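Undergrad: Return a 3D structure for these sequence lines:
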Amino acid sequence: MRFVSTMALGLMLAASGVAVVGASPAMAAKKEKAAKQNFSKEFMGPASELQKAITAKDFAGAQAKLAAAEAAAKTPDDVYTFNMLKLQLGLGTSDAKLQRAGIEGMLASGAAPAAEVGKYEFYAADFALKANDPDSAIAHLQKAAAAGYPGSAPHVLLAESYFKKALATAKGNQFTPEGKASVQAGLPHLKKAIEVEKGEGKPVPAAWYERGFQVAYVAGLPEASEWAMFTVEADPSAKNWRSLLRGYQDTHRTLGKAENLDLMRLMRTTGSLESEFDYSEYAEAAVSSGLPGEAKAVIDEGRSKGKVAPTKLAEIYQIANSRVAGDKASLPSGERDASKAANGKIAASTANAYLGYGEYAKAAALYNIALQKGSVDANEVNTRLGIALAKSGDKAGAKAALEKVTGPRQDIAKFWLLWLSKQA
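TA: Down below sits the predicted model:
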């Protein structure tokens, strides 16, 4: 039974952006120019009148004087100063459009001090992003970064600009191909912002990791697993583990029953089984794999936690329960036959049963025999050997086994290694 995603719509609705702490745009209104400025005579009078009105907080009067000052502005310094005054008026009136026009005009004048260009480009990008103009924001932020604007802010806002561009093209809970391309363009910038924060010894906001996962997941990108792992590394909560593992299932629809069972085992271990559907999927995978004891234990656990009603999953529970006694009775002979067999198939099969019953030491010993004798799927056996050793507390042994896993199972092994790394 495959998992059909219900996360995409919720993540799309939650994709509201990340917070960025930066300097106040009011700083940009300071007069930063050196004394040597080239003002035209025609501009001095109207500019002086406009400045007096702004200083006196006569904003209505200042608004009326804008046109005259703009018409008189001829030189680059005239244009720069006029737009600085426009920015001040916008700040005084809380008019975001006027503020944006002022800062963009200051940049366009060509007279902005070189040392301030990066800061002005950053402010211009912030205004553009708030005005839902991500293309302009991207252009300004690229210039801000090139001019050396410090910290993670230009990088995280650049990522957010690409994400907003992607969201603008979304249809329902799906990104268009263009939107997916924008998400892919934005993720490296978010990763750069995280690197900057870490490099400066600052804690990375958890929302940044969550944002990366949200947009990558909704876009159906392979990077979603990487970002989900980032969220777990930052906060190994059941919620984040669920996002990682369910997201992986949803983007890897060709997972085989055996691989999916090992993912479900990790969901159980991390407490991220939430619904009756989760327990049903796990129990069905276990029963169909010849592991009735594990299926019964999973349903019992779901019922004890109130996740599965006492009368639910009755049919599969009855099937599993009816097979447990016979299955357990066969294990000692299977264990004996494993050491005599010409290959490792009996050892691996018996080890799987012991793993399902939680007898991890016996399972590990038999998995090692299976590997020694061969003719088994070494990647599957090493995955399960790693699980058995991890659950028995042998972290070093588990790590060694899981690190040997290659091929399609390598991601599953990485998830177990991540869990292992979070254990005290």
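
Undergrad: May I see the buried residues of stretch 398-415?
TA: By 16 or more other C-beta atoms under 10 Å, the buried positions in stretch 398-415 come out as Ala398, Lys399, Ala401, Leu402, Lys404, Val405, Arg409, Asp411, Ile412, Ala413, Phe415. Bear in mind the C-beta positions are built from the backbone N, C-alpha and C, glycine included.

Undergrad: Correction: the previous question concerned stretch 186-198.
TA: Going by neighbour count (16+ other C-beta under 10 Å), the buried part of stretch 186-198 is Gly186, Leu187, His189, Leu190, Lys191, Lys192, Ala193, Ile194, Val196, Glu197.

Undergrad: Which single one of these is nearest to Ser237?
TA: Of all the buried residues of stretch 186-198, Ile194 has the smallest distance to Ser237: 18.9 Å, by C-beta to C-beta.

Undergrad: which residues make contact with the one helix or strand that closest one maps to from outside it?
TA: Secondary structure assigned from DSSP states H and E places Ile194 in helix 177-199. Identification of contacts with helix 177-199 by C-beta atoms under 8 Å, 6 or more residues apart in numbering yields 151-153, 155-156, 158-163, 165-170, 175, 203-204, 208-209, 211-212, 215-216, 219-221, 223, 227, 230.

Undergrad: Would you write a ChimeraX line that selects the buried entries of the residues you listed?
TA: Buried members of the contacts of helix 177-199, defined by 16+ other C-beta under 10 Å, are picked up in ChimeraX with:
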select :151,152,153,155,156,158,159,160,161,162,163,165,166,167,175,204,208,209,211,212,215,216,219,221,223,227,230
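
Undergrad: So which of the contacts of helix 177-199 sit within helices?
TA: The members of the contacts of helix 177-199 that map onto helices under DSSP state H are 153, 155-156, 158-163, 165-168, 208-209, 211-212, 215-216, 223, 227, 230.

Undergrad: Show me the helices in the stretch 201-350 of the chain, by range?
TA: Here the stretch 201-350 of the chain has its helices, by DSSP state H, counting those that start in this stretch, at 206-218, 223-234, 238-251, 257-269, 276-288, 292-304, 314-340, 345-356.

Undergrad: mind putting those in TSV, distance to Ala181 and mean pLDDT included?
TA: As requested, the helices of the stretch 201-350 of the chain are exported to TSV (distance: least, C-beta to C-beta, whole Å; pLDDT from 0 to 100):
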stretch	distance to Ala181	mean pLDDT
helix 206-218	12	91
helix 223-234	13	91
helix 238-251	18	91
helix 257-269	29	97
helix 276-288	34	96
helix 292-304	41	97
helix 314-340	44	96
helix 345-356	43	98
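
Undergrad: Nearest to Gly393, out of the ones you listed?
TA: Nearest of the helices of the stretch 201-350 of the chain to Gly393, taken as C-beta to C-beta: helix 257-269 at 13.2 Å.

Undergrad: quick one, the closest one and helix 238-251 angle?
TA: On the basis of axes from the mean of the first three to the mean of the last three C-alpha atoms, to 10 degrees, helix 257-269 is oriented at 170 degrees to helix 238-251.

Undergrad: and helix 257-269, which residues are buried?
TA: Ala258, Glu259, Asn260, Leu261, Asp262, Leu263, Met264, Arg265, Leu266, Met267, Arg268.

Undergrad: Tell me which other helices or strands that helix touches.
TA: The helices and strands touching helix 257-269, judged by 3 or more C-beta pairs under 8 Å, 6 or more residues apart in numbering; DSSP states H and E, are helix 238-251, helix 276-288, helix 378-392, helix 410-421.
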